[in-house]
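Chemist: 3D model of this:
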Amino acid sequence: MHLILPTTLDEALKLIQYLLAENQRLKDKIEELLLQINKNSSNSSKPPSTDKKGNTPGEGKHGGAKEGHVGAFRPPFTEKQITKRLKIFPTTCPRCGSMNLVSERKPIIHQVIDLPEIKADVTEYRLELCRCRECGKHVRGELPQGVSQSMIGPRLTAWIGLSSCQLSLPVRKIRTLIQGLIHEPFSVGTILTCQQRIREALNRSYEQIKAESKQEKCIGADETGWRTHGKKRWAWIATGQTTTILAITVSGSRKCAEELLGKNSCQPKITDRYPAYRFPGPHQYCLAHWKRNIEELKSFEKGQELYRFLSKKLQGVFFIWHRYQRGEVSWQVFKSITTRRRYEIKKELRHHAREGPSKRIRSFCKNALKKYGLFWTYTIVRGMEPTNNRAERDLRPIVIRRKISMGTKSRKGEEFLERMYSVCQTAVKRGIDVWNYLKEALICHWSKKPAPPLVRCV
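Modeler: As a prediction, this is how the structure comes out:
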């Protein structure tokens, strides 16, 4: 708008009204840009790796052990653990130079643990060719059950799988590491073939985990972006007390979430407020996500008062929850205190939704009140938690792998990651040795037997 100096009182009033409106619009724009600049892992869903220096929660605290920390020391190795013992005698007396020395006291023990020299364990199977004396047919010996048809055995194949999953190493780094350990040349294709053998061997185990996941008392779900051959994909995770399931799908739609969690499943679920998670049955919204949204109020103009009130109340909510988890208060006391704070927060949100000092604050309160009851389902259904932290922790290795390896190249690569990651995480939760389980699963697969079940820990 081209401004012209007013010549009358009416024109001056119109100009003032226009300038006031324009000033307010620019203020709102500046506030919006400041909110974007000030976003970090403590007040939004951004990962901690994106935080700028000085924005990291706890910045300025010194590292290392804190005052009063009790040190932990490794006990000495036992007789059975010691593989080599060397006696070291002094050669001369440092005072007089004499070599006439005699042992009188107990020696000072210094133990050193190190990796043994690794050599490839190569087994050669000589399949003898014979001729039948009766009919003249030529026959050959057959490989024993459980022996790999390729040149890579079960232990090395399992190690390649663990390096891909738990260490998130790309294929070429695995090849370099193997060559450095056993001093044998390896190709990228050989490692990819080993991954596909693991994918086939873990098919039954993956289906077992999916079936047992449906029996969990409560399930947490989360999702993140993924890439397959440069195309957009979604990685979904469903995690419980003893199971973890990963699924990679072509979209982030509700239909894909239903494929993982079950379309009509009434299983109690803990999720964020992503619209795809709309299922029947008890549903808990993650309070930690909402707490991060509340931290954003600090950046709002005139939002300090509401921020202080909500932060204090939520701090009390988490405090009583942790006391209940430690067994310091009963379920009735926990529920009574949390319910009272729940209604105090709701009353304040309703007040600010009607009479908030700014449009942003009123909008924040209205959005929080839309599904307010779902923040407190854990106070009604026992066994639920107020946060979705378990699912976020289980999903974090997938995010790390995506940043390191930039995703997968094919659907078979997705299936390897789904099965390998699900089995590894589930085995860890149940106290099962992952490497030994993978080795046994491969031996069973080569023997044309089903993989061993992932037995729950008692």
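
Chemist: C-alpha from now on. contacts and neighbour counts both.
Modeler: OK.

Chemist: could you list the buried residues of the helix or strand in which Lys173 is found?
Modeler: Using DSSP states H and E, Lys173 falls within helix 171-182. The neighbour-count check on helix 171-182 (16 or more other C-alpha atoms under 10 Å) flags 171, 174-175, 178 as buried.

Chemist: got the contact list for the residue nearest to Thr387 when sequence neighbours are not counted?
Modeler: Leaving out its chain neighbours, the residue that sits closest to Thr387 by C-alpha to C-alpha, 6 or more residues apart in numbering is Cys286, at 4.3 Å. Each residue near Cys286 by C-alpha atoms under 8 Å, 6 or more residues apart in numbering is listed here: 270-273, 375, 386-388.

Chemist: possible to save the residues you listed as a markdown table with neighbour count?
Modeler: What follows is those, written out as a markdown table (neighbours: other C-alpha atoms under 10 Å):
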| residue | neighbour count |
| --- | --- |
| Ile270 | 32 |
| Thr271 | 26 |
| Asp272 | 21 |
| Arg273 | 15 |
| Phe375 | 21 |
| Pro386 | 20 |
| Thr387 | 22 |
| Asn388 | 24 |
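
Chemist: need those in TSV (columns: pLDDT and distance to Glu207).
Modeler: Listed next are the contacts of Cys286 as TSV, based on pLDDT from 0 to 100; distance: C-alpha to C-alpha, whole Å:
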residue	pLDDT	distance to Glu207
Ile270	91	22
Thr271	90	23
Asp272	89	26
Arg273	88	28
Phe375	92	32
Pro386	92	29
Thr387	91	27
Asn388	91	24
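
Chemist: just these: which are in strands?
Modeler: Counting by DSSP state E, the part of the contacts of Cys286 found in strands is 270-271.

Chemist: need the contacts of Cys286 in CSV with distance to Gly225, can you?
Modeler: Shown next, in CSV, are the contacts of Cys286 (distance: C-alpha to C-alpha, whole Å):
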residue, distance to Gly225
Ile270, 19
Thr271, 16
Asp272, 15
Arg273, 16
Phe375, 25
Pro386, 25
Thr387, 21
Asn388, 18
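
Chemist: can you pick out the most distant pair from the contacts of Cys286?
Modeler: By the measure C-alpha to C-alpha, Arg273 and Pro386 form the most distant pair in these, at 13.4 Å.

Chemist: which neighbours do those two share?
Modeler: 285-286.

Chemist: by mean pLDDT, which helix or strand of the protein comes out lowest?
Modeler: Ranked by mean pLDDT, DSSP states H and E, the helix or strand of the chain with the weakest confidence is helix 9-37, at a mean of 81.

Chemist: what's whatever helix or strand comes next after it packed up against?
Modeler: Downstream of helix 9-37, the first helix or strand assigned by DSSP H and E is strand 129-131. Identification of packing neighbours for strand 129-131 by 3 or more C-alpha pairs under 8 Å, 6 or more residues apart in numbering; DSSP states H and E yields strand 138-140.

Chemist: what angle sits between the following helix or strand past the strand it packs on and helix 171-182?
Modeler: Downstream of strand 138-140, the first helix or strand assigned by DSSP H and E is helix 154-165. Here helix 154-165 points in a direction 140 degrees away from that of helix 171-182 (axes from the mean of the first three to the mean of the last three C-alpha atoms, to 10 degrees).

Chemist: same question for helix 154-165, mean pLDDT?
Modeler: The average pLDDT within helix 154-165 is 89.

Chemist: what's the offset of it from the middle of its chain?
Modeler: 20 Å (C-alpha atoms, centre = their mean, to the nearest Å).

Chemist: over to stretch 181-195?
Modeler: On C-alpha atoms, centre = their mean, the centre of stretch 181-195 falls 28 Å from the chain's centre.

Chemist: in that stretch, which residues are buried?
Modeler: 191, 194-195.

Chemist: could you export these as a markdown table, including distance to Val423 and pLDDT?
Modeler: Formatted as a markdown table, the buried residues of stretch 181-195 follow (distance: C-alpha to C-alpha, whole Å; pLDDT from 0 to 100):
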| residue | distance to Val423 | pLDDT |
| --- | --- | --- |
| Ile191 | 19 | 89 |
| Cys194 | 16 | 90 |
| Gln195 | 14 | 90 |
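
Chemist: restricted to strands, list those.
Modeler: Using DSSP E, none of the buried residues of stretch 181-195 sit in strands.

Chemist: and the residues you listed, which of them are in helices?
Modeler: 191, 194-195 (DSSP state H).

Chemist: specify which member of those is nearest to Tyr277.
Modeler: The shortest approach to Tyr277 among these belongs to Gln195, at 32.2 Å (C-alpha to C-alpha).

Chemist: in the stretch 251-400 of the chain, which spans are strands?
Modeler: Ranges of strands within the stretch 251-400 of the chain are 269-271, 283-285, based on DSSP state E, counting those that start in this stretch.

Chemist: to Val147, which of those lies closest?
Modeler: strand 269-271 (43.2 Å).

Chemist: pairing partners for that closest one, with directions?
Modeler: strand 219-228 (parallel), strand 283-285 (parallel) (DSSP bridges).

Chemist: which one of the contacts of Cys286 is nearest Trp236?
Modeler: Using C-alpha to C-alpha, the contacts of Cys286 come closest to Trp236 at Thr271, 11.6 Å.

Chemist: got the contact list for the closest one?
Modeler: By C-alpha under 8 Å, 6+ apart, Thr271 lies in contact with 220-222, 277, 283-286, 388.

Chemist: what separates it from Phe318, distance-wise?
Modeler: 18 Å (C-alpha to C-alpha, to the nearest Å).

Chemist: ends of stretch 120-135, how far apart?
Modeler: Stretch 120-135 has its terminal residues 42 Å apart, counting by C-alpha to C-alpha.

Chemist: now find how far off-centre that stretch is within its chain.
Modeler: 48 Å.

Chemist: buried set for that stretch?
Modeler: Going by 16+ other C-alpha under 10 Å, stretch 120-135 has no buried residues at all.

Chemist: identify the residues contacting that stretch?
Modeler: Against stretch 120-135 from outside (C-alpha under 8 Å, 6+ apart): 137-143, 182.

Chemist: can I get the residues you listed in TSV with pLDDT and distance to Arg354?
Modeler: Output for those, formatted as TSV (pLDDT from 0 to 100; distance: C-alpha to C-alpha, whole Å):
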residue	pLDDT	distance to Arg354
Lys137	90	94
His138	89	92
Val139	91	89
Arg140	89	87
Gly141	87	85
Glu142	86	81
Leu143	85	78
Ile182	81	71
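
Chemist: so among those, which ones count as buried?
Modeler: Buried among the contacts of stretch 120-135 by 16+ other C-alpha under 10 Å: none.

Chemist: wait, which of these is closest to Glu301?
Modeler: Nearest to Glu301 among those, with distances taken as C-alpha to C-alpha, is Ile182, at 62.8 Å.

Chemist: quick check, the closest one in contact with Lys119.
Modeler: Yes - counting by C-alpha atoms under 8 Å, Lys119 is a contact partner of Ile182 at 5.4 Å.

Chemist: pull the distance from stretch 238-250 to the chain's centre.
Modeler: 11 Å.

Chemist: which parts of it are buried?
Modeler: For stretch 238-250, the neighbour count (16+ other C-alpha under 10 Å) marks 238-240, 242-249 as buried.
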